[in-house]
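[1] Quick check, what structure comes out for this input:
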Amino acid sequence: MSVKVSELTKIYGEQKAVHNVSFEAKKGEILGFLGPNGAGKTTTMKILTCFIPQTSGKAAVCGYDVAEDSMAVRERIGYLPENNPLYKDMYVKEYLGFIARMHHVKSGQKRIAEMIEMTGLGREQNKLIGTLSKGYRQRVGLAQAMLHDPEVLILDEPTSGLDPNQLVEIRSVIKQLGKEKTVIFSTHIMQEVQALCDRVLIINKGNIVANDPIEELTNRIKGETIVTVEFHQQANENKLAGIRHVKTVKALGKNRWQLSADSAHDVRGDIFRFAVDNNLTLLEMHKETLSVEDVFQELTRGGNERMRE
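    This next block holds a predicted model:
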């Protein structure tokens, strides 16, 4: 595994910022690291990047312990912090040259040119960083994180401040990098998670509450299946309520209904048979599914008791 974390704990005074956190991330995987503000995301990232020490537990990057081999870890990690600290009085290309020398990058100018092209900084490369917009500063931060071709990328809110066109470009870069590197990134944009991530890790109050492949994440919640149906003719509400496994029926308009059932049962087949038996023409039937945002809200707002064991 490129990243392996075992029972990681960080205590500030009497507060446990991170409590017994364990997870792994492998090469060729994009791991979305989610959680509300103050949940422990940034603390975990800072421990992995050797900015702060853990109180207890273990963390290793590419086989190197973050506490015992911090220099080896730093050589193999590219890090974009949440606040993206940059030398604002340096020019973009000058700054990247400085970072290249810090990492002893071979063929530094060639690599800098590659990063400038990859992050779309071509027109800005000769400008002072302090004069750039927030979006372009984020691009500079991404460029410096990738400059030394690290095996692991840790990105804290990497798309913050980007406009819609920039978002598409940077997401494409992250997706491409995720094919050959380990990428761990945090974001509050749930559509971004669904578009980019192979797996999602959700942390709440310092504890991991979900660690699942993106396609299985919604199964963490025991809840209801909602099906919206529309018939050509008027249906009888009492008869709709009598369909097997249907729990509630709600009228949405003329001949349009919303039916709920336990998530363990797919009632669409029963609804179709109901329409046939009652000589109803079925115009529409749509099953609503939980999004990553739905699951995130459920798991971080006191909904943990509904998690699947």
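
[2] any idea how far the residue positioned nearest the centre of the chain is from A195?
    Centroid-nearest residue in the chain, with Cα atoms, centre = their mean: G32, separated by 2.9 Å. Distance, G32 to A195, using Cβ to Cβ, to the nearest Å: 10 Å. C-beta: built from backbone N, CA, C; applies to glycine.

[3] Over to G97?
    Distance of G97 to A195, computed by Cβ to Cβ: 33 Å.

[4] more neighbours, these two?
    Between G97 and A195, G97 has the larger neighbour count (other Cβ atoms under 10 Å), namely 17 against 14.

[5] ok, the more buried one touching R111?
    No - the criterion here is Cβ atoms under 8 Å, and G97 misses it with R111 at 10.1 Å.

[6] what residues are up against K287?
    225-227, 266, 268 (Cβ atoms under 8 Å, 6 or more residues apart in numbering).

[7] Using CSV, lay out those residues together with distance to K27 and pLDDT.
    Converted to CSV, those look like this (distance: Cβ to Cβ, whole Å; pLDDT from 0 to 100):
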residue, distance to K27, pLDDT
T225, 37, 81
I226, 39, 88
V227, 41, 93
D266, 37, 87
R268, 40, 94
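
[8] could you flag which of these are buried?
    225-227, 268 (16 or more other Cβ atoms under 10 Å).

[9] tally of neighbours for the closest residue to M285 other than its chain neighbours?
    The spatial neighbour of M285 that comes closest, neighbours along the chain excluded (Cβ to Cβ, 6 or more residues apart in numbering), is V229 at 4.9 Å. Neighbour count for V229, taken as other Cβ under 10 Å: 26.

[10] let's number from 53 now, not from 1
    With the count now opening at 53, the last piece we talked about shows up as V281.

[11] Contact partners for V281?
    Applying Cβ under 8 Å, 6+ apart, the residues near V281 are 308-311, 323, 334, 336-338.

[12] can you pick the most crowded of those residues?
    When neighbours are taken as other Cβ under 10 Å, the top entry among those is L311 (26 neighbours).

[13] Adjacent strands (with direction) for the helix or strand hosting that residue?
    For L311, the host element (DSSP states H and E) is strand 308-314. In the sheet, strand 308-314 lines up against strand 276-283 (antiparallel), strand 298-305 (antiparallel) (DSSP bridges).

[14] Please work out which of the ones you listed is packed deepest.
    Burial of those is given as mean neighbour count (mean count of other Cβ atoms under 10 Å); strand 276-283 ranks first at a mean of 19.

[15] buried sites along the helix or strand containing A165?
    Using DSSP H and E, A165 maps to helix 160-170. Neighbour counts over helix 160-170 (16+ other Cβ under 10 Å) mark 160, 163-164, 167-168, 170 as buried.

[16] Now render those as JSON lines, adding pLDDT and distance to V235.
    Converted to JSON lines, the buried residues of helix 160-170 look like this (pLDDT from 0 to 100; distance: Cβ to Cβ, whole Å):
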{"residue": "G160", "pLDDT": "90", "distance to V235": "24"}
{"residue": "R163", "pLDDT": "96", "distance to V235": "19"}
{"residue": "I164", "pLDDT": "96", "distance to V235": "21"}
{"residue": "M167", "pLDDT": "94", "distance to V235": "16"}
{"residue": "I168", "pLDDT": "95", "distance to V235": "20"}
{"residue": "M170", "pLDDT": "89", "distance to V235": "14"}
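
[17] which one of the contacts of V281 sits closest to E232?
    H338 (38.6 Å; Cβ to Cβ).

[18] Leaving out chain neighbours, which residue sits closest to that closest one?
    Computed as Cβ to Cβ, 6+ apart, the closest residue to H338 that is not its neighbour in sequence is T280, at 4.7 Å.

[19] That neighbour and Q310 touch, don't they?
    Yes - taking Cβ under 8 Å as the definition, T280 is a contact partner of Q310 at 5.3 Å.

[20] what sits in contact with each of the two?
    The contact lists of T280 and Q310 share L304, where a contact means Cβ under 8 Å, 6+ apart.

[21] before we move on, back to that, in contact with the residue nearest to H338, which residues?
    304, 308-311, 336-338, 340.

[22] Out of the contacts of V281, which two sit at the greatest distance?
    Every pair of the contacts of V281 checked by Cβ to Cβ; the farthest is Q310 and L334, at 14.8 Å.

[23] so where does L205 fall, helix or strand?
    Counting by DSSP H and E, L205 is found in strand 204-208.

[24] And the strands in the stretch 153-302 of the chain?
    204-208, 234-238, 251-256, 259-265, 276-283, 298-305 (DSSP state E, counting those that start in this stretch).
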